[in-house]
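**Q** Dropping a prediction and its sequence here:
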Amino acid sequence: MTGFTGFSDSAQTMSLVAFSAVATITLLLCVMTGPDRDDLDEFYTGYGSLSPMRNGLAIAGDYISAATVLGTGGVIALCGYDGIVLALSTTLSLLLMMFLLAEPLRNAGRFTMGDALARRMPGRCVRVTACAVTIAALLPLMLVQLAGTGQLLAFILGFSSESLKTGCVIGLGALMISYAAIGGMKGTALIQIVKIVMLLGSGALVALLILHRFDWDPGALFDAAARQSGAGDAFLHSGLQFMGGASPRLDMITSELTIVVGGACLPHITMRMYTASSARQVRRSMSWAVSSVAVFVLVITVVGLGATALIGRTTIAQADPQGNTAYLLGSRAAFGPDVSSAETFLFTTVTTAIFLTLLASVAGMILACANSLAHDVFAGRVREMSARREMTLARFSALAIGAPTILLATLVQHRSLQPLVTLSFCLGASAIAPSLVYSLFWRRYTRTGLICTLIGGSLTVLLLMPGTNLVSGSPISAFPDADFNWFPFTTTGIVSIPAGFLFGWLGTVASGRRKAEEQRRQYEAVEGWILAGAVRRGS
C-alpha cells in the first residue's frame, strides 16, 4: 500500500527512521557544542568563532525557512512567473542587507537588535519596545512552521489522524525549545549549517534529474509547465497570483517590495551579524549567505516548475490549495513511475532536509526572541546582573516563548497560514527596517522618533492586515466563509512602509530642535564606531 507520496510503506518507514535519527543527532550536537560555562559571549554569539563560510551558511540557513521552501515552491508551481519573482525578491532582500545594513549592525550591536537601537539612544523603553516588536514579528512565522509540521509529516508518512498531527506539533516544538536553550548561538548555527548543506545538496540533485527529463533544455521545461498549468501563456507572465484583485500589478509590486525591505531585517537574521568577529568577516559571511540563497532560488524554481510540468497544476492544488506540497511532489515526480532504491534514498534525504529546515528555523527564531527577552527586558532591570543568572533567564525565556507558540500552533493548524507569513514580513518592512535605517544613518533621529517608528509601524500593519484578501474574501483565505476584505491588497506594505518612515520623522520633529541637536552630537560621537567599526561596544 502506498501513501500520499506514492512510496511504499517501507519508504515511509525509512523517512520516519531518518527523521528520528536527525532529531537525535542534532540534539546531541547541540549538547556537545553548546556553552560549557557561564559566558554571555559564548551563548549569544559563540565568541564569533565561526569561519566566514560557516557563518554565511548559518545565515542562509536562518533565512531559508520552511515557509520559504514550501510556500515559495508552491507559488512557483501554481503561479509561474509571479512565484519566480517572489523567489528572486528573497535573494535581493539579503543582498540589500549585505550592502546597506550588515556592517553597521555588527558594529552597533552586541547581542540583540535592542543593543543596536540602544547604541545611540540608551534606555529601558527602547529595549522593551524592541523586544516586543521582535516577538511580534517572529511569532507568526514560528506558528506557521510549527503548525505546518503536522501537515507535512502526514503528507510524507501517509497518516491522517488529527491527534497524531497535534502530537507532532507538540513534540517538535519541545525539541526546538531544547535546541535554543541548550545550544545557544553556536549550537543552532551548527544545525543551520547541516540543514542548508542537506537542503541545497538534495535539491540540486532533484533539479538536475528534472532538467534531465527535459533534455537539459530550460525552455522545454517552461513550455511544459505552461501547458500543464491550464493557464497557458498567463503562467509565464505577471499577474496570475494576484488575478481578481482591484490592482493586480500594484499588488504584485507592493508584495515584492515588502519582501525585499522586510525579509532580511527580521531579528533572527540580524542577530547573526553579531557572530562575525570583524567587519571583514561579516562581509565575507554575507557573500557566502547570498550565494547560497541564490543557488537555492535556482533549485526551487526548477523543482517548482518541474512539479507543474510533470504532474499538472490541478493535481498540486488538489493536494494543497496553497501548493505547500509542490516541492515534495516535484521531487517525487522527478524519478518517474519506477523508483529505484537510490532514488528512494534521495527522496528520503529531501524530506529529511525539509524536516530539519522546520526544526532549525523555529529554533533560531525562539533563540532570537529568548535572547531579546532575557538581555533587553530582564537584564535591563538589574544594573549588574551576573552572567550565570542572565544565561539561566535566557534558557527559561526560550521555554516562555516556545510553550505559548506550541499551544497557538495547535489551534491554527487547520487554517490558511499565509496571512501569518505576510504579517511577519510586513512588520519587518514597516517597523524594523525604518528603525534600523534611521538609527544607523540619520544623525538627528531621536528616542521619540524611534519609539514612534516601532509602535506606529507595527500598529499600522496590525490595523490593516485583517482587511487584506489573505484573511477573508477568497476560498484560500484564513476565513473563507467571511468577507471583510476592505483593504484590497495581499500585503499592507503600500501604506505601512511609508507610514513607518513617516512616524519616525514625525516623532523626531515633535521632539524639538534641541533634542535633535543632542542626538546629532551623540551620533557623531559613535558615528565612526557604527559606520567604520572603529570600536565595538563591549569589546
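**A** Yes, it's here.

**Q** Hmm, Leu531 is touching Leu101, no?
**A** No: assessed by Cβ atoms under 8 Å, Leu531 is found out of contact with Leu101, at 11.4 Å. No exception for glycine: its C-beta is placed from N, CA and C like everyone else's.

**Q** When these two are compared, which one has more neighbours?
**A** Shown here are Leu531 and Leu101; by other Cβ atoms under 10 Å, Leu101 has more neighbours (23 against 15).

**Q** Now for the more buried one: which residues touch it?
**A** Each residue near Leu101 by Cβ atoms under 8 Å, 6 or more residues apart in numbering is listed here: 264-265, 270, 436-437, 440.

**Q** Now go through those residues and say which are in strands.
**A** With strands taken from DSSP state E, there is no overlap with the contacts of Leu101.

**Q** ok, and the most crowded of these?
**A** Neighbour tally across these (other Cβ under 10 Å): the maximum, 29 neighbours, falls on Ala264.

**Q** picking that back up, if I look at Leu531 and Leu101, which residues touch both of them?
**A** Common neighbours of Leu531 and Leu101 (Cβ under 8 Å, 6+ apart) are Leu440.

**Q** Point out where the stretch 201-350 of the chain drops to low pLDDT.
**A** By pLDDT under 70, the low-scoring segments of the stretch 201-350 of the chain are 244-245, 339.

**Q** Can you pull the poorly scored residue ranges out of the protein?
**A** 1-11, 36-39, 46-49, 158-159, 244-245, 339, 380, 382-384, 533-539.

**Q** For Arg415, what are phi and psi?
**A** phi -110, psi 160 (degrees, to the nearest 10).

**Q** ok, it - contacts?
**A** Arg415 sits in contact with 478-479, where contact means Cβ under 8 Å, 6+ apart.

**Q** how far away is it from Phe501?
**A** Using Cβ to Cβ, to the nearest Å, Arg415 is found at 32 Å from Phe501.

**Q** And for Ser361?
**A** Applying Cβ to Cβ, the value for Ser361 to Phe501 is 29 Å.

**Q** which of the two has more neighbours?
**A** Between Ser361 and Phe501, Ser361 has the larger neighbour count (other Cβ under 10 Å), namely 29 against 18.

**Q** mind listing the helices for the stretch 401-539 of the chain?
**A** Counting by DSSP state H, counting those that start in this stretch, one finds helices in the stretch 401-539 of the chain at the ranges 418-427, 433-441, 447-464, 493-510, 513-532.

**Q** now the stretch 251-400 of the chain
**A** Using DSSP H, counting those that start in this stretch, helices in the stretch 251-400 of the chain cover 267-270, 279-311, 313-319, 326-333, 341-372, 387-412.

**Q** Spit out the contact partners of Ser285.
**A** Contact analysis of Ser285 by Cβ under 8 Å, 6+ apart lists 50, 52-53, 55-56, 59, 272, 276.

**Q** Neighbour-wise, give me the winner out of the residues you listed.
**A** That'd be Ile59 among the contacts of Ser285, by other Cβ under 10 Å, with 34 neighbours.

**Q** Could you say which helix or strand holds that residue?
**A** helix 52-63 (DSSP states H and E).

**Q** How far does that helix sit from its chain's centre?
**A** The chain centroid and the centroid of helix 52-63 are separated by 13 Å, computed with Cα atoms, centre = their mean, to the nearest Å.

**Q** Does anything pack onto it? Which helices or strands?
**A** Under the contact definition 3 or more Cβ pairs under 8 Å, 6 or more residues apart in numbering; DSSP states H and E, helix 52-63 sits against helix 184-213, helix 267-270, helix 279-311, helix 341-372.

**Q** Show the secondary-structure elements that the first one is packed against.
**A** Under the contact criterion of 3+ Cβ pairs under 8 Å, 6+ apart, the helices and strands touching helix 184-213 comprise helix 9-33, helix 40-45, helix 52-63, helix 218-229, helix 279-311, helix 326-333, helix 341-372.

**Q** buried sites along that helix?
**A** 184-196, 198-200, 202-207, 209-211, 213 (16 or more other Cβ atoms under 10 Å).

**Q** same question, the third one
**A** Residues of helix 279-311 classed as buried by neighbour count (16+ other Cβ under 10 Å): 279, 281-286, 288-290, 292-297, 299-311.

**Q** okay, the angle between that helix and helix 341-372?
**A** Using axes from the mean of the first three to the mean of the last three Cα atoms, to 10 degrees, the direction of helix 279-311 lies 140 degrees away from that of helix 341-372.

**Q** I'd like the helices of the stretch 401-539 of the chain laid out as CSV, including distance to Leu96.
**A** Below are the helices of the stretch 401-539 of the chain laid out as CSV (distance: least, Cβ to Cβ, whole Å):
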stretch, distance to Leu96
helix 418-427, 14
helix 433-441, 9
helix 447-464, 18
helix 493-510, 14
helix 513-532, 17
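
**Q** one step back: next, format the helices and strands packed on helix 184-213 as a markdown table and append distance to Leu152.
**A** Putting the helices and strands packed on helix 184-213 into a markdown table (distance: least, Cβ to Cβ, whole Å) gives the following:
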| stretch | distance to Leu152 |
| --- | --- |
| helix 9-33 | 10 |
| helix 40-45 | 31 |
| helix 52-63 | 18 |
| helix 218-229 | 24 |
| helix 279-311 | 16 |
| helix 326-333 | 8 |
| helix 341-372 | 7 |
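
**Q** Compare these and give me the one nearest Lys165.
**A** helix 341-372 (13.5 Å; Cβ to Cβ).

**Q** so how far is stretch 29-43 from its chain's centroid?
**A** How far stretch 29-43 lies from its chain's middle: 24 Å, per Cα atoms, centre = their mean.

**Q** Same check on stretch 372-381?
**A** Computed by Cα atoms, centre = their mean, the chain-centroid distance of stretch 372-381 equals 24 Å.

**Q** What's the end-to-end length of that stretch?
**A** 13 Å (Cα to Cα, to the nearest Å).

**Q** Check stretch 481-491 too.
**A** 20 Å.

**Q** what residues does it touch?
**A** Residues from elsewhere that reach stretch 481-491 (Cβ under 8 Å, 6+ apart): 242, 245-247, 250-251, 254-255, 258, 422, 425-426, 464, 466-474, 477.

**Q** now stretch 494-513
**A** Stretch 494-513 is touched from outside by 250, 254, 257-258, 261, 426, 429-431, 433-435, 438, 442, 444-453, 455-457, 460-461, 464, 516, with contacts defined as Cβ under 8 Å, 6+ apart.

**Q** Tell me how far Thr392 lies from Ser287.
**A** 37 Å.

**Q** typed the wrong thing, it's Ala130
**A** Ala130 sits 28 Å away from Ser287, going by Cβ to Cβ.

**Q** likewise Ser202?
**A** In terms of Cβ to Cβ, Ser202 sits 24 Å off from Ser287.
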